[in-house]
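Q: What follows is a predicted structure for the sequence shown.
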Amino acid sequence: MINIREIENFTSRTWGWIQDAGDLSKLTDVVAIFDCRSEVNRSVKKRIEELVLSEHGKERFLHHLEQEIINIPYIDLYGKNIEIPDSSPKDFYCTGIIQATIQGQKRAYIRSWPADNYVRFALTLGLIEYDYESDSCFLSNLGKELIELRHFREEAASLYEQEKDFFIDLLMAYPPAIRILELLSLNESRHLSKFEISENMAFVGEAGFVTYPVDILLESIAQEKDPKEKNKMRTDWESTLDKYARMISGWLESVGLLRRVEKKFNIYDEVVTLGQSYKLTGKGYQSLRKSQGMSSHAIIPKRISWEMLATKEDKERVRTRRALILKRLTEPIRNYSYVEIAQYINENDFISLDVTENEVKDDLIGLKRMGLMIDFNEETVRFKDELIPFTIPVKIDANYEASNLEKIKSFLRDELTNISHDWLQLVDLSYDNRSHRIFEMQTISFFKNILKYQGEHLGGASKPDGAIWEENYGMILDTKAYKNGFSINTKMRRQMEDYIQDIIHQDVNRQSNEWWKVFPEEMNDFSFLFISSFFTGKYEDVMRTIEYNTNISGGAVTDVQLLLIGDKFASKEIEYNQVRNLFTNHDFINETKHILEYKINSD
């Protein structure tokens, strides 16, 4: 049963999605520290004596580990980043119990970030449990079983078969692992790259679950001429969701359910190879069927938590909304309409959420993509899985009012009826300057897949972010991700003017990279377009200045406007000439910033 628990206050932590904790053997050691009689516990106490200074908690850590029933504050497990003065290269002290537990690659301990990921990993699989009131962790019954198995391991660094079988059972209760196996089983070749997996996984379309568009990524790799840069793109370009997909696939590989292979794509007559690709094994296929209750097996109850239902924007509000959806669907299990679910959430006695029907629909798609078995159609939804009971923590007198960003996306969910709501990730990306490259590539993908332009992602030194075209008309794109809006300053204006002059002169002595060659040779009609969250400053004057200096017209649109235009184009309500007029209409720039209304102006 899913229970709601009112708590005066608690630390809102996140687990269920892991980035830097790939070693199941090390995870076992992390769990074993919670048993005061284990060999690992004794070993870690010696390491703490050697590695941790008194001012960083040495005596406190040792006290935790000497108790008969060990309950450790979360912060003491992973520690803090405290820099060692005058260290070169910059280094950090060992300040956490898990840091001291695991041998690092360059030092005798690991940093706080991977240590935190191992704590999250143990919580995700149910090997340790969490106490909300004390913000601390303690050993679960599953953790005790794992520690017993570890006693029989001969080599400290490798799992033996019984441990692997134990982890298979745990992973078959972890919905994202099931989702990856399911995606591979549905693919004809049972062969997918991490990028293809993440495009169809979890809550695509929101902060914390953004992903590179596979089509644009492959084209970018194929067009890159520098072999070193090409290899860097294949290995280093990763979104948060891509990392999750790679990490979970690695766990499944380590227990024999997946096999890592290369996958080749033919792009522009060039073969692009992605190494981090995976194929389902026979054992993996059988484990998937068992987890779903096929072939006379009972369904394996799935372990989820409130903490894994959202990771970034408005996370407490969104987690609670999604958890209440699951509570409604499972108590009792029957067919529910979306209206019934929304009413149930809005009428709960603990927290006011003001949920819309379209938010419920999008959440259900995300929950299914997370790996839960859910059937739904236009009218009703039915839960077909089983869940291990979990808690929905609610702070007393909490106010989970939606942020402006969530209000914008809620508005768009009602407006976008002809395109996938996965494109809502453009909203999150436009406000996050740390994900500027993904914003560039997803924007190009939107122009190609929704507005039906041809185009390429460019980016890099002395190149615009993208180039798109339709018949004899082309556009230079400059995307800017800014939380507080984008002001087109003099430097940005001159940069755009340089791009336009590059096209006009097409002089290799002026610009050696010849980026303009992406456009068809016969093209002679161009414009420019800035795209961002919203625009500040005297942007209309900047537009006019660029037009005066280059004799080329252009404009700017917000991501919200772009999505609304795409939806109208997909429904055939507007045509190409109207789209172009909207892109060059300066009065239209910030129309949706505050009042969130949309008007077609094709004058």
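A: Perfect, I can see it now.
Q: Going by C-alpha atoms from here, please, whenever you check contacts or count neighbours.
A: Noted.
Q: Can you give me the domain assignment for this protein?
A: For the chain, automatic domain parsing gives the domain ranges 17-155, 175-291, 308-402, 417-588.
Q: so who does residue 217 touch?
A: residue 441 (Cα atoms under 8 Å, 6 or more residues apart in numbering).
Q: can you confirm residue 121 is in a helix?
A: Yes. Per DSSP: H, G, I helix; E, B strand; the rest coil, residue 121 lies within a helix segment.
Q: Once you drop chain neighbours, what's closest to it?
A: residue 18 (6.4 Å; Cα to Cα, 6 or more residues apart in numbering).
Q: Would you check how far apart that neighbour and residue 142 are?
A: Counting by Cα to Cα, to the nearest Å, the gap from residue 18 to residue 142 is 19 Å.
Q: Kindly report the same for residue 552.
A: When residue 552 is compared with residue 142 (using Cα to Cα), they lie 67 Å apart.
Q: Would you mind pointing out the helix or strand the closest residue to residue 510 other than its chain neighbours falls in?
A: Counting by Cα to Cα, 6+ apart, residue 502 is the residue found nearest to residue 510 once chain neighbours are left out, at 7.4 Å. Element membership of residue 502 [criterion: DSSP states H and E] is helix 490-505.
Q: contact partners of that helix?
A: Taking Cα under 8 Å, 6+ apart as the rule, helix 490-505 contacts 463, 464, 476, 510, 511, 516, 528, 542, 546, 549, 550, 552.
Q: list the contacts for the spatially most central residue of the chain?
A: Geometric centre of the chain, nearest residue: residue 209, 2.2 Å, by Cα atoms, centre = their mean. Contact analysis of residue 209 by Cα under 8 Å, 6+ apart lists 202, 203, 240, 241.
Q: now the first one: how far from residue 16?
A: For residue 202, the distance to residue 16 equals 11 Å [Cα to Cα].
Q: related to what we said a few turns ago, and the residue nearest to residue 121, which of the three is it?
A: coil.
Q: tell me the contacts of it?
A: 117, 120, 121, 244, 247, 248 are the contacts of residue 18 under Cα under 8 Å, 6+ apart.
Q: In a markdown table: those residues, plus distance to residue 70 and neighbour count.
A: Shown next, in a markdown table, are the contacts of residue 18 (distance: Cα to Cα, whole Å; neighbours: other Cα atoms under 10 Å):
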| residue | distance to residue 70 | neighbour count |
| --- | --- | --- |
| 117 | 20 | 23 |
| 120 | 18 | 22 |
| 121 | 18 | 24 |
| 244 | 30 | 23 |
| 247 | 29 | 20 |
| 248 | 29 | 22 |
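Q: Looking at the residues you listed, which is nearest residue 573?
A: residue 244 (38.8 Å; Cα to Cα).
Q: in a strand, that's where that closest one is, yeah?
A: No. Per three-state DSSP, residue 244 lies outside any strand segment and is helix.
Q: Quick check: pLDDT value at it.
A: Residue 244 is assigned 95 on the pLDDT scale.
Q: measure it to residue 177 for me?
A: 10 Å.
Q: what does residue 457 give?
A: Note on residue 457: its distance to residue 177, by Cα to Cα, is 32 Å.
Q: who has more neighbours, those two?
A: residue 457 (25 against 21; other Cα atoms under 10 Å).
Q: Not counting sequence-adjacent ones, nearest residue to that one?
A: residue 466 (4.5 Å).
Q: Filter the contacts of residue 209 down to the ones in helices?
A: Mapping the contacts of residue 209 onto helices (DSSP state H) picks out 240, 241.
Q: before we move on, back to that, and the helix holding residue 502, which residues are buried?
A: By neighbour count on 16 or more other Cα atoms under 10 Å, the buried set for helix 490-505 is 494, 495, 496, 497, 498, 499, 500, 501, 502, 503.
Q: what's near enough to touch residue 285?
A: Here residue 285 is in contact with 181, 185, 257 (Cα under 8 Å, 6+ apart).
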